[in-house]
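In: predicted model, plus sequence, below.
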Amino acid sequence: MPPVLNGPRVTLRPHVEADIEVRLALGRDPEIHRMYGGSRADLRPLTRDGIVDWYRRLSALPCGWVIEHGRLIGEVRLDNVNSQDRRASLAIGIADRTALGQGLGYGGDRLGGGLRVRQHGTSSPCRCASSLSTKGPYAPIKGAAFV
């Protein structure tokens, strides 16, 4: 399970089952869907089954968090982890339309000076408790925010 990371504006925390109802209530905003690369033509309503799949998929990730700003507003996760090159992509998604344009996704990226992956011999660089830190001899993770 990934550690809780507290910042001045947002908290990154592991997913909990109660997130299913909160995420379902946020629905699927057409503008956010477009920013993720979808078209309005293929926009479908968000279903409970879809959210349960989202929850299971993200809960299984060793480096996946909910972005909280008083409530769940989105998610952050490490993707494309390459242990040989010690690289990963940081995916940030804001699902709450009222949270857009406030720099909150960027705040998730910059918690404690930015998430960093340890450069020194861990067998799996995506084991958050042992391989992520906010200080020390680490290489910053670079990513993009869709906010």
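Out: In hand now; what should we look at? Residues are numbered from 1 along each chain as shown.
In: wait, residue 79 sits on residue 87?
Out: No: Residue 79 lies out of contact with residue 87 (Cβ atoms under 8 Å); the separation is 10.7 Å. Every C-beta, even on glycine, is put in place using the N, C-alpha and C of the backbone.
In: how about this protein, which residue sits the furthest from its center?
Out: residue 41 (26.3 Å; Cα atoms, centre = their mean).
In: enumerate the positions of the one helix or strand residue 88 maps to that are buried.
Out: Here residue 88 is covered by strand 87-94, with elements defined by DSSP states H and E. Buried positions in strand 87-94, judged by neighbour count with 16 or more other Cβ atoms under 10 Å: 88, 90, 91, 92, 93, 94.
In: and what of stretch 54-74?
Out: Those would be 54-55, 58, 61-69, 72-74, for stretch 54-74 by 16+ other Cβ under 10 Å.
In: distance between the ends of that stretch?
Out: End-to-end span of stretch 54-74 (Cα to Cα, to the nearest Å): 12 Å.
In: how many neighbours does residue 8 have?
Out: Neighbour count for residue 8, taken as other Cβ atoms under 10 Å: 7.
In: could you look up the SS state of it?
Out: Assigned with DSSP: H, G, I helix; E, B strand; the rest coil, residue 8 falls in the coil class.
In: would you mark the buried spots in the longest strand seen in the chain?
Out: Secondary structure of the chain read by DSSP state E shows that its longest strand is strand 72-82. By 16+ other Cβ under 10 Å, the buried positions in strand 72-82 come out as 72, 73, 74, 75, 76, 77, 78, 81.
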